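> kindly return the folded structure for what I paste below:
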Amino acid sequence: MSSLRTVHDVPVLMCPADGEPIGGERDALDLIGDAGYQGARWVAVPVERFDPAFFQLRTRIAGDIIQKFANYRLGLAIIGDISSHTEASSALRDFVRECNRGQQMWFLTDEDELAERLKG
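Now for the predicted structure:
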């Protein structure tokens with residue numbers, strides 16, 4: 001069950017590693033609805049929750065999901081090790097680097113890194 005946690009005055013919906021897989025816009029909208037209901041400004045999701053196709057940019061799943069979060073002005077942090085995916089795809093490595101430069105979507109190794117980024 002997801003829980004709302006305040007990290008440096010930022011309400012973050014923390015999702016557990018076990019739960020429904022996130023594989024498309026419908027799943028993203030469910031998370032967004034839950035986050036909105038609980039008053040979150042960010043959603044932190046363990047990497048294990050994402051369908052492997054999310055990490056294959058040609059499927060456009062990642063872009064579609066990120067766009068939904070952007071439309072609702074919610075941040076999305078994907079927490080965990082994605083090195084097996086980035087080692088297999090230079091395009092994904094570039095995508096991750098660009099996301100991490102922004103303020104909307106981050107790929108982070110752990111919750112400590114999320115707390116550091118939310119410090120401001």
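> so how far is the helix or strand containing Y37 from its chain's centroid?
Element membership of Y37, judged by DSSP states H and E, is helix 25-38. The chain centre lies 12 Å from the centre of helix 25-38; the measure is CA atoms, centre = their mean, to the nearest Å.
> who are the packing partners of it?
Counting contacts by 3 or more CB pairs under 8 Å, 6 or more residues apart in numbering; DSSP states H and E, helix 25-38 packs against strand 10-14, strand 42-46, helix 61-71. The way it works is simple: take the backbone N, C-alpha and C, and place the C-beta from them, glycine included.
> can you pull the buried residues of the last one?
Translated: helix 61-71. I61, A62, I65, I66, K68, F69 (16 or more other CB atoms under 10 Å).
> quick one, that helix and helix 25-38 angle?
Our comparison of helix 61-71 with helix 25-38, counting by axes from the mean of the first three to the mean of the last three CA atoms, to 10 degrees, yields an angle of 30 degrees.
> before we move on, what about the first one?
With the same axes, to 10 degrees defining the directions, strand 10-14 sits at 130 degrees from helix 25-38.
> quick one: strands adjacent to strand 10-14?
strand 3-7 (antiparallel), strand 42-46 (parallel) (DSSP bridges).
> okay, those strands, which one's buried deepest?
strand 42-46 (a mean of 22; mean count of other CB atoms under 10 Å).
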